[in-house]
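Novice: Return atomic coordinates for the entry below.
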Amino acid sequence: MRSLKTYLPRYLWFLAGVLINSFGVALITRAALGTSPISSLPYVLSFRFPVTLGQFTFAMNLFFILGQVLLLRRDFQPIQLLQVAVNAVFSAFIDVSMGLLSWLEISSLPMAMLVLVLGCAVLAFGISVEVAPRVLMVPGEGIVQAIAVVTGRQFGNVKTAFDATLVSTALLLSLLFFHRLQGLGIGTIFSALAVGRFVDLYNRRLPLISRISALGART
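Specialist: Predicted coordinates:
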């Protein structure tokens, strides 16, 4: 019972962070200036095939989880298989959020920029809330961590290269399928630069993040 009381709040905060992340991704996407780097590849594919952004995100993240298992082998922690469930929730709620925001009509560039900045702020808040309890990794971060461990590179450097690879692949597919930029734009670059800044700001300034983090420190 004591263990349940200890871990349940942490997992609930983690789940809340994942749901906020999903909404942030949808909000950035609805700005119609391009989506976040991690979502760039499934977003471009969603224009070409009759599969939603959330469904492609689910499939991509399954490959990321498999990649962790293959790279880490015996060092892969079995509890991280819960990433499959996290992936299902995250991906499904992206589509739910896209539906909830279907009313949002972008009528001008200033409005698009406003929605983009708001989406980056929401996504960053979700990341801060998700990371603070220190329970699980989401697939996109898990595969980066696995590559960093195997190669001996710093996480930040691997993350930058990984995001750049996703965006480059999405760019090539966009040009191949549509002969123009489709689903990519200034919003992709902006979110890549801005989300981390927002995360740092929340982690330094928001007492809520410190309180959530303290839950993990007590275990």
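Novice: Could you use CA atoms for every contact and neighbour count after this?
Specialist: Will do.
Novice: any idea what sits nearest residue 88, other than its immediate chain neighbours?
Specialist: Among residues not flanking residue 88 along the chain, residue 58 sits closest, at 6.4 Å (C-alpha to C-alpha, 6 or more residues apart in numbering).
Novice: how about the one you found, secondary structure?
Specialist: helix (DSSP: H, G, I helix; E, B strand; the rest coil).
Novice: following the longest helix seen in the chain, which helix or strand comes up?
Specialist: Ranked by residue count and defined by DSSP state H, the top helix of the chain is helix 2-30. The helix or strand immediately downstream of helix 2-30 is helix 37-48, counting by DSSP states H and E.
Novice: Report the rounded mean pLDDT for that next one.
Specialist: Mean pLDDT, computed over helix 37-48, is 93.
Novice: From the chain's centroid, how far away is that helix?
Specialist: 13 Å (C-alpha atoms, centre = their mean, to the nearest Å).
Novice: what angle do it and helix 2-30 make?
Specialist: Per axes from the mean of the first three to the mean of the last three C-alpha atoms, to 10 degrees, the angle that helix 37-48 makes with helix 2-30 is 60 degrees.
Novice: Output helix 37-48 as PDB, restricted to C-alpha atoms.
Specialist: The C-alpha coordinates for helix 37-48 follow below in PDB (Å, rounded to 0.1, in the frame of the first residue of the first chain):
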ATOM      1  CA  PRO A  37      10.800  17.800 -35.400                       C
ATOM      2  CA  ILE A  38       9.800  14.600 -33.700                       C
ATOM      3  CA  SER A  39       6.400  14.700 -35.600                       C
ATOM      4  CA  SER A  40       7.700  15.900 -38.900                       C
ATOM      5  CA  LEU A  41       8.100  12.500 -40.500                       C
ATOM      6  CA  PRO A  42       4.700  11.000 -39.500                       C
ATOM      7  CA  TYR A  43       3.000  14.400 -40.500                       C
ATOM      8  CA  VAL A  44       4.500  14.300 -44.000                       C
ATOM      9  CA  LEU A  45       3.400  10.700 -44.400                       C
ATOM     10  CA  SER A  46      -0.100  11.500 -43.200                       C
ATOM     11  CA  PHE A  47      -0.500  13.700 -46.300                       C
ATOM     12  CA  ARG A  48       0.500  10.900 -48.600                       C
END
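Novice: Only the buried residues of it, if you could.
Specialist: 37, 38, 39, 40, 41, 42, 43, 44, 45, 46, 47 (16 or more other C-alpha atoms under 10 Å).
Novice: Test my guess that residue 10 contacts residue 211.
Specialist: No: here residue 10 lies out of contact with residue 211, judged by C-alpha atoms under 8 Å, at a distance of 10.7 Å.
Novice: okay, those two: which has more neighbours?
Specialist: Just comparing residue 10 and residue 211: by other C-alpha atoms under 10 Å the higher neighbour count belongs to residue 10, 23 against 13.
Novice: and that one, what does it touch?
Specialist: By C-alpha atoms under 8 Å, 6 or more residues apart in numbering, the contact set of residue 10 is 133, 134, 135, 212, 215, 216.
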